[in-house]
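Undergrad: A structural model of the following input is requested.
(2 chains)
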There are 2 protein chains.
Amino acid sequence: MNRYTIVNDKFIPAAEASVLITDLALQRGYGIFDFFKTLDGQFKFLEDHLDRFYHSAAAMHLPVAQTREALKALLCALQEKNNIPNSGIRITLTGGYSPDGYTLASPNMIITQNPLVNPEFNVKGIKLMTYPHQRQLAQVKTLDYLMAIYLQPLIKQHGADDVLYHHNGFVKECPRSNFFIVTAHNEVVTSGKDVLRGVVRKQLLKMHNSELSITEREISLEDLKTCEEAFIASSTKNVLPVTTIDGHQIGNGNAGEITTLLAEKFKALVFNVDSLTL
Amino acid sequence: MNRYTIVNDKFIPAAEASVLITDLALQRGYGIFDFFKTLDGQFKFLEDHLDRFYHSAAAMHLPVAQTREALKALLCALQEKNNIPNSGIRITLTGGYSPDGYTLASPNMIITQNPLVNPEFNVKGIKLMTYPHQRQLAQVKTLDYLMAIYLQPLIKQHGADDVLYHHNGFVKECPRSNFFIVTAHNEVVTSGKDVLRGVVRKQLLKMHNSELSITEREISLEDLKTCEEAFIASSTKNVLPVTTIDGHQIGNGNAGEITTLLAEKFKALVFNVDSLTL
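TA: Predicted coordinates for the structure are as follows:
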């Protein structure tokens, strides 16, 4: 396996890629990242992901050494070198090698590419459990998954697949995906406040039309009991049905009609979207 | 400079100590640490710090490979090898090299020792600004300083030295220190809920007696306007007076009488405390 990782413009064999322990990601959990897929060698929704990457970096006071064009060139070079047609690419930007373990330094950029574990679209539903938590700086894609990983044993203990955060009575998101419901009036709704601006979420919101209402607004915990369908959306999971929440069955316990429609529409979009190719 | 860092039982030249980028600290900000001082070659409040280190590790599902005695032996070996009489020692335990970048793996332990920048006790007061934030899993000493570092430019912009978090109307703590006030009735009070269990805080609470009341309970934002004195406490800063909060002067703007008394009492304690020596 001759896979490479980029660390600050240098190509390093993936298994050897490292950072010094003075990096603020290791010292203080400080950094941002973005993650996207290649399918058949094509970068998917790259512009959206780069928009978010540069936005996250700026929000967290982390200058990006590369211009957008230079970063795209690096991504193409990595793709060419690794030659993994179906992959997940992660660009991480850390707080850098801080002399005092606290003050921001020159960021380190790390780009990894790994084969997609399951490039197929999954239609099997998942079970969620709810948990009270509001992600800090939620609109920025930071490295902070402290609560998510801390909760893994509890999630397993509850027989759930993932956790759905809520705060002050309102449902927010899962740690790595946005959350949607379909109401009794066939409206698709996703949480609008203090959640990550997901790229799949953005694409789904653009599908709003006169026949299918897809909007963002607050979702209450009560709404979970009356909704007809529920699903999560992310670059890894695409559109994935939620069949139970805290043991309460959603709809008939299978993928709902509108969820299935959106999953199909998104799948078609992913394979037809204009993409940066080599 | 022949300083060494311990990475999983191995002594590595400090400037070369690194971890692979698959570590969950770098991928997801997941890990815990503790920090304590040596003065004149003596570990200060080592048992308290080890208590907290093992507690943090257990709380975050991170097994510690070393028994407490083995860890102490490592610390003594590091102290002997580095020979820095006045130092700060940090023990970090990360989520380890995760195969999928999310699931907990075997933790990596990193022990660094650095000369104390300022081993003297500082009596010059500091200026705080308040900011609404509740640290997640606040009683555990995790790597999460995302908000603290994110706020650095704002703190500078406000001409403050540090930030004081508050949540739902109650004052909590600073990112790296506990916060105390002295009320108009000469009671010393520190926030009791959802704050880090600081080792200096613990020692100060033990000074409570019939002549000097030192207790933990909630401190409201209103209390900041009526308090006579304020100070912060940490292993790095010891007992350090706070002279203004959000531009509002505390007391006469100098170190208060009780703050000075506690600073002196703590200084005496630090130099007389039973310590593990080589």
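Undergrad: residue contacts, the residue nearest to A:Leu104 when sequence neighbours are not counted?
TA: Sequence neighbours aside, A:Gly95 is the residue nearest to A:Leu104 in space, at 5.4 Å (criterion: Cβ to Cβ, 6 or more residues apart in numbering or on different chains). For glycine as for every other residue, the C-beta is placed from the backbone atoms N, C-alpha and C. Listed by Cβ atoms under 8 Å, 6 or more residues apart in numbering or on different chains, the contact set of A:Gly95 reads A:Asp23, A:Leu24, A:Ala25, A:Gln27, A:Arg28, A:Tyr30, A:Gly31, A:Leu62, A:Leu104, A:Ala105, A:Pro107, B:Ile149.
Undergrad: can we see that at 7 Å?
TA: Under the criterion of Cβ atoms under 7 Å, 6 or more residues apart in numbering or on different chains, the contact list for A:Gly95 reads A:Asp23, A:Leu24, A:Ala25, A:Arg28, A:Tyr30, A:Gly31, A:Leu62, A:Leu104, A:Ala105, A:Pro107, B:Ile149.
Undergrad: and A:Tyr165, by the same measure?
TA: By Cβ under 7 Å, 6+ apart, the neighbours of A:Tyr165 are A:Tyr131, A:His133, A:Gln134, A:Arg135, A:Lys172, A:Glu173.
Undergrad: still on that earlier bit, looking at the contacts of A:Gly95, which are in helices?
TA: Cross-referencing the contacts of A:Gly95 against helices under DSSP state H gives A:Leu24, A:Ala25, A:Arg28, B:Ile149.
Undergrad: for the stretch 1-150 of chain A, what spans make up the strands?
TA: A:4-7, A:10-13, A:18-20, A:31-39, A:42-43, A:87-94, A:109-115, A:126-132 (DSSP state E, counting those that start in this stretch).
Undergrad: make TSV out of those strands and add distance to B:Lys141.
TA: Below are the strands of the stretch 1-150 of chain A laid out as TSV (distance: least, Cβ to Cβ, whole Å):
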stretch	distance to B:Lys141
strand A:4-7	29
strand A:10-13	32
strand A:18-20	22
strand A:31-39	19
strand A:42-43	40
strand A:87-94	21
strand A:109-115	26
strand A:126-132	22
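Undergrad: out of the ones you listed, which is closest to B:Ala14?
TA: Nearest to B:Ala14 among these is strand A:18-20; the distance by Cβ to Cβ comes to 9.6 Å.
Undergrad: what's the farthest-apart pair in the ones in helices among the contacts of A:Gly95?
TA: Across the ones in helices among the contacts of A:Gly95 (Cβ to Cβ), the longest gap, 10.9 Å, separates A:Ala25 and B:Ile149.
Undergrad: show me which residues of the stretch 101-250 of chain A sit near chain B.
TA: A:102, A:104, A:110, A:136-137, A:142-147, A:149-150, A:152-153 (Cβ under 7 Å from any Cβ of the partner chain).
Undergrad: scan those residues and report the most crowded one.
TA: A:Leu143 (28 neighbours; other Cβ atoms under 10 Å in any protein chain shown).
Undergrad: and whatever residue of the stretch 1-150 of chain A ends up closest to chain B, how many neighbours?
TA: Shortest the stretch 1-150 of chain A-to-chain B distance, computed as Cβ to the nearest Cβ: residue-wise this is A:Gly29, at 3.0 Å. Close neighbours of A:Gly29, defined as other Cβ under 10 Å, add up to 26.
Undergrad: what residues does it make contact with?
TA: A:Leu143, A:Asp144, B:Gly29, B:Leu143, B:Asp144, B:Tyr145, B:Leu146.
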